[in-house]
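Novice: Predicted coordinates and the sequence they were generated for:
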Amino acid sequence: MTKITYITHDSKTHEIDVQNGLTVMEGAVQNDIPGIDADCGGGMACATCHVYVKEEWLDKLPKKEDGEEDMLDMAFEPKKNSRLSCQLVVSDELNGLIVNIPSKQG
Amino acid sequence: MKKTDALIIGAGPTGLFTAHQLKLIGLDCEIVDNLDKIGGQCAELYPDKPIYDIPAVPECTGGELTENLLNQIKPFDIKFHLNERVDEVKKDGENWVVKTNNGTTFTTPNVIIAGGVGSFEPRKFPVKDCEKFENQSVFYSIKDKKIFEGKTVSIFGGGDSALDWAVELSKNSKVNLVHRRDDFRGAQATVDKVRQLAKEGKINLFTKSQMTAIKGEKKLETIDITSDDKEVKTLKTDYALGFFGLIMQLGPIANWGLNLNKKTIDVDTEKFETNQKGIYAVGDICNYPGKLKLILSGFHEGALAARACFKLARPNEKYRFEFTTSSKTIKDRLGVKSD
């Protein structure tokens, strides 16, 4: 289990133990954290699992594939620290990761 | 008012195969879809991406799958109503009366919702005030390009739609093209063309920038764009066009009195019927214990919902199970020779 912290738009903090191997998106959806829609189910085809990663984590995460950056063009208010949470696979290295969920996904 | 045995909402793979199943058992049906093309998510989100888990099809793209499903229903005469969104579903005696945003009305004992994750709508600017100008000076698609002649147009986005329109409108308008990063995901030839036009001063290119404000009294006057380095530029503009792709919205489905679970509809696993008799949900939009959002699940769900439709469409007949390999009736419907 790896601890992931989701901060929703209303500044509520949700500390969740997510099983390694799941994605940060799945961790949110399975625990009913609001604000992550994941319409396409994790296929990098919709940008509705968009999150902002805490700055200090940016370099520790696996690099974006081309397709992820393309999809982020369509996200709601993308920033430099934007990621698609369906592309972040949970592992021990991600223990303590903090992500902010945008006010909406579209 | 159009009469049909079953109305299918959604022309994605599940909707198409459900139509096949209905016709195979002798029911007629019509299909409504909000998109301008057939194929649903397969056509809109991944026409060129390969799919590897369609039974007996080791690999095919979303586009090919749609094409094959259309071939499979070719023997049948199925009426499609594209570019139409179902807005209203109301009970009328034994039937449902269904109305679209174009005013088409259907009466049918069976409504099958194969709506994926709802209808595709354009993604809009995050800046709230854009709503004030929508359809007057803020657009998410272009119907008549003439209105832009001689005007200043600010185009946002980095895909083919944004780039194609930037190139096209630069002929007769002053064009600003604004994108959140330096890379564009459009076709390379178009990207090259845009960069060339920018060099020639025919397109004002602003990358690593996004809209942060929109202003105007009666009509749109200026927009603010802010760069990654927090530098704010105010651009005079007559129009703002956003091309950020499409997002799926549940839309009017939420108002039809169905039991919803987030963006999905609760169904039973015998008929895939909702809490309303004669309204079914199949494919990605339905929810039941163990639901898998796979195309193959949609096919199964559609096949069972179609059988359930038979009872309501032909209350005085008995549905008889038959195989396509051996049934003469089915072969006649398919227009193939019986042995």
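Specialist: Cool, the structure landed.
Novice: What strand or helix carries B:Y46?
Specialist: In the assignment (DSSP states H and E), B:Y46 maps to no helix and no strand.
Novice: State the number of residues packed around it.
Specialist: Look at B:Y46: counted by other C-beta atoms under 10 Å in any protein chain shown, it has 19 neighbours. Using the backbone N, CA and C atoms, a C-beta is placed for each residue, glycine as well.
Novice: Just give the closest residue to it, not the sequence neighbours.
Specialist: Using C-beta to C-beta, 6 or more residues apart in numbering or on different chains and skipping the chain neighbours, the partner closest in space to B:Y46 is B:G62 (4.4 Å).
Novice: List the residues that contact the one you found.
Specialist: B:39, B:41-43, B:45-49, B:51 (C-beta atoms under 8 Å, 6 or more residues apart in numbering or on different chains).
Novice: now do B:K124
Specialist: Counting by C-beta under 8 Å, 6+ apart, B:K124 touches A:106, B:130-131, B:134, B:140, B:242, B:244.
Novice: And those, which of them are buried?
Specialist: In the contacts of B:K124, burial by neighbour count holds for A:106, B:130, B:140, B:242, B:244, counting by 16 or more other C-beta atoms under 10 Å in any protein chain shown.
Novice: Do I have it right that the first one meets A:C49?
Specialist: It refers to A:G106. No: with contact defined as C-beta atoms under 8 Å, A:G106 does not count as touching A:C49 (11.3 Å).
Novice: What does the pLDDT read for B:T212?
Specialist: Looking at B:T212, its pLDDT is 96.
Novice: count of neighbours near it?
Specialist: 16.
Novice: and if you look at the one 10 residues further on?
Specialist: Taking other C-beta under 10 Å as the neighbour definition, B:T222 ends up with a count of 13.
Novice: Need phi/psi at it.
Specialist: Dihedral pair for B:T222: phi -140, psi 160, per degrees, to the nearest 10.
Novice: returning to what we had before: identify the farthest-apart pair in the buried ones among the contacts of B:K124.
Specialist: Using C-beta to C-beta, these span at most 13.8 Å, a distance reached by A:G106 and B:C130.
Novice: joint contacts of A:G106 and A:C49?
Specialist: Listed as contacting both A:G106 and A:C49 by C-beta under 8 Å, 6+ apart are A:D37.
Novice: Can you give me the distance of whatever residue of the stretch 151-300 of chain B ends up closest to chain A to B:G150?
Specialist: The stretch 151-300 of chain B approaches chain A most closely through B:I247 (3.7 Å), counting by C-beta to the nearest C-beta. For B:I247, the distance to B:G150 equals 33 Å [C-beta to C-beta, to the nearest Å].
Novice: ok, the most centrally placed residue in chain A - contacts?
Specialist: Nearest to the mean C-alpha position of chain A, by C-alpha atoms, centre = their mean, lies A:S85 at 2.7 Å. Residues near A:S85 by C-beta under 8 Å, 6+ apart: A:23-25, A:28, A:36, A:38, A:49-51, A:99.
Novice: How about B:N275?
Specialist: B:257-259, B:266.
Novice: Neighbour-wise, give me the winner out of those.
Specialist: That'd be B:L258 among the contacts of B:N275, by other C-beta under 10 Å, with 19 neighbours.
Novice: Let me see the ranges of the strands in chain A.
Specialist: A:2-7, A:13-18, A:50-53, A:82-84, A:97-100 (DSSP state E).
Novice: tell me the mean pLDDT for the second one?
Specialist: Yep, that's strand A:13-18 we're talking about. Mean pLDDT, computed over strand A:13-18, is 97.
Novice: That one versus strand A:2-7: what angle between them?
Specialist: On the basis of axes from the mean of the first three to the mean of the last three C-alpha atoms, to 10 degrees, strand A:13-18 is oriented at 150 degrees to strand A:2-7.
Novice: Strand A:13-18 pairs with which strands?
Specialist: If you go by DSSP bridges, strand A:13-18 pairs up with strand A:2-7 (antiparallel).
Novice: now, which of the contacts of B:K124 sits nearest A:V90?
Specialist: Nearest to A:V90 among the contacts of B:K124, with distances taken as C-beta to C-beta, is A:G106, at 24.8 Å.
Novice: tell me which parts of chain B are close to chain A?
Specialist: Counting by C-beta under 8 Å from any C-beta of the partner chain, the residues of chain B close to chain A are B:41, B:45-46, B:49, B:117, B:123-124, B:126, B:157-159, B:179-181, B:183, B:185, B:210, B:228, B:244-245, B:247-249, B:263, B:284, B:293.
Novice: Any idea what the closest residue to A:E15 other than its chain neighbours is bridged to?
Specialist: Nearest residue to A:E15, sequence neighbours excluded (C-beta to C-beta, 6+ apart): A:T5, at 5.2 Å. Beta-bridge partners for A:T5, by DSSP bridges, are A:E15, A:I98.
Novice: returning to what we had before: present the strands of chain A as JSON lines; the columns should include distance to B:L235 and mean neighbour count.
Specialist: Shown next, in JSON lines, are those (distance: least, C-beta to C-beta, whole Å; neighbours: other C-beta atoms under 10 Å in any protein chain shown):
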{"stretch": "strand A:2-7", "distance to B:L235": "34", "mean neighbour count": "20"}
{"stretch": "strand A:13-18", "distance to B:L235": "39", "mean neighbour count": "14"}
{"stretch": "strand A:50-53", "distance to B:L235": "26", "mean neighbour count": "24"}
{"stretch": "strand A:82-84", "distance to B:L235": "24", "mean neighbour count": "24"}
{"stretch": "strand A:97-100", "distance to B:L235": "29", "mean neighbour count": "21"}
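Novice: Please dump the ones you listed into TSV; it should also carry distance to A:E68 for every row.
Specialist: Formatted as TSV, these follow (distance: least, C-beta to C-beta, whole Å):
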stretch	distance to A:E68
strand A:2-7	18
strand A:13-18	20
strand A:50-53	10
strand A:82-84	5
strand A:97-100	15
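Novice: for those strands, which one sits closest to B:N101?
Specialist: Comparison of those against B:N101 by C-beta to C-beta identifies strand A:50-53 as nearest, at 28.9 Å.
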